[in-house]
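Colleague: okay, here's the prediction I keep looking at, along with the sequence it came from:
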Amino acid sequence: MTDSIHPIYTNNNYLNSLSQSGINYSIIATESDIEKIDTQLVPQIYLIDCNNLDLNQINSALNQCYKTKTPTLLLVWKFKSDISHLNFDDFVMMPPNNFELLTRAKTLISKANAISDPNLITVRGLTINKSTYEVTVYNQRIPLRFKEYEMLVLMATNVGKVYSREDLLSQIWGYDYFGGIRTVDVHIRRLRSKIEDGENIFIETVW
């Protein structure tokens, strides 16, 4: 069973591949769609169309979807760096080919189904397997040093929480560590260089 096609999509075939594959999706394209998220039956995936939503509305939609523990796929007509720090699972540039949209949706649904495994942590395209200590970003394995890995696990399990240098130093290195506090900056910088690029931002510095 699939959700009925949103009026904004009645004149195109972007969603045919999802419908034909039996994927239960819901489209968020307007402010009123955001207000309905909590009352709707939870689909397998939310498609958030960024074309007619401002940044605050996109963020609000993502926060509501996050509460339902349902993966989110942004439909982006023109990429804006402003959205890179938002907590979405993946995005696709519009208009997509049918194969790309279907593949990304299936990948997110598959990951969401696997999240019941307590050893897996998933944040957007970042996946941490605590049983194998393996980290991947969009299915590409990322080699990390142990302290980098520990910091990443801490922050990924507490998305949205702000950590000071002192917090990270005490929780990762311990209170009896005699090194300088700037070691945190060095490790964060190395970690970000390994897991981030210009479009995928996972760690945000708050001043």
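Modeller: Sure thing, it's come through.

Colleague: what's the neighbour count on Ile48?
Modeller: Residues contacting Ile48 under the criterion other Cβ atoms under 10 Å number 24. The way it works is simple: take the backbone N, C-alpha and C, and place the C-beta from them, glycine included.

Colleague: quick one, phi psi at the closest residue to it other than its chain neighbours?
Modeller: Distances taken as Cβ to Cβ, 6 or more residues apart in numbering put Ile28 closest to Ile48, at 4.7 Å, once the chain neighbours are dropped. As for Ile28, its main-chain torsions (degrees, to the nearest 10) stand at phi -120, psi 110.

Colleague: what stretches of the protein score poorly on pLDDT?
Modeller: 1-14, 39-40, 80-81, 98, 114-116, 175-179, 207 (pLDDT under 70).

Colleague: cutoff 50 now
Modeller: 1-5, 7, 10-11 (pLDDT under 50).

Colleague: measure Thr205 to Ala61 for me?
Modeller: From Thr205 over to Ala61 the distance is 25 Å, taken as Cβ to Cβ, to the nearest Å.

Colleague: the more surrounded of the two?
Modeller: Higher neighbour count among Thr205 and Ala61: Ala61, with 26 against 8, using other Cβ under 10 Å.

Colleague: just the element for the more buried one, please.
Modeller: Under the assignment given by DSSP states H and E, the secondary-structure element containing Ala61 is helix 55-67.

Colleague: in that helix, what's buried?
Modeller: By neighbour count, with 16 or more other Cβ atoms under 10 Å as the criterion, the buried positions of helix 55-67 are Gln57, Ile58, Asn59, Ser60, Ala61, Leu62, Gln64, Cys65, Tyr66.

Colleague: what do you get for stretch 37-48?
Modeller: Of the residues in stretch 37-48, those buried by neighbour count under the rule 16+ other Cβ under 10 Å are Ile37, Pro43, Gln44, Ile45, Tyr46, Leu47, Ile48.

Colleague: so the third one touches Ile23, yeah?
Modeller: Yes - here Gln44 lies in contact with Ile23, judged by Cβ atoms under 8 Å, at a distance of 5.8 Å.

Colleague: how about the buried residues of helix 55-67 in a markdown table, adding distance to Leu154?
Modeller: Shown next, in a markdown table, are the buried residues of helix 55-67 (distance: Cβ to Cβ, whole Å):
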| residue | distance to Leu154 |
| --- | --- |
| Gln57 | 31 |
| Ile58 | 27 |
| Asn59 | 23 |
| Ser60 | 27 |
| Ala61 | 27 |
| Leu62 | 22 |
| Gln64 | 26 |
| Cys65 | 24 |
| Tyr66 | 19 |
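
Colleague: tell me the one of these nearest Lys78?
Modeller: Set against Lys78, the nearest of the buried residues of helix 55-67 by Cβ to Cβ is Ile58 (13.2 Å).

Colleague: since that was my last question, I'll sign off now.
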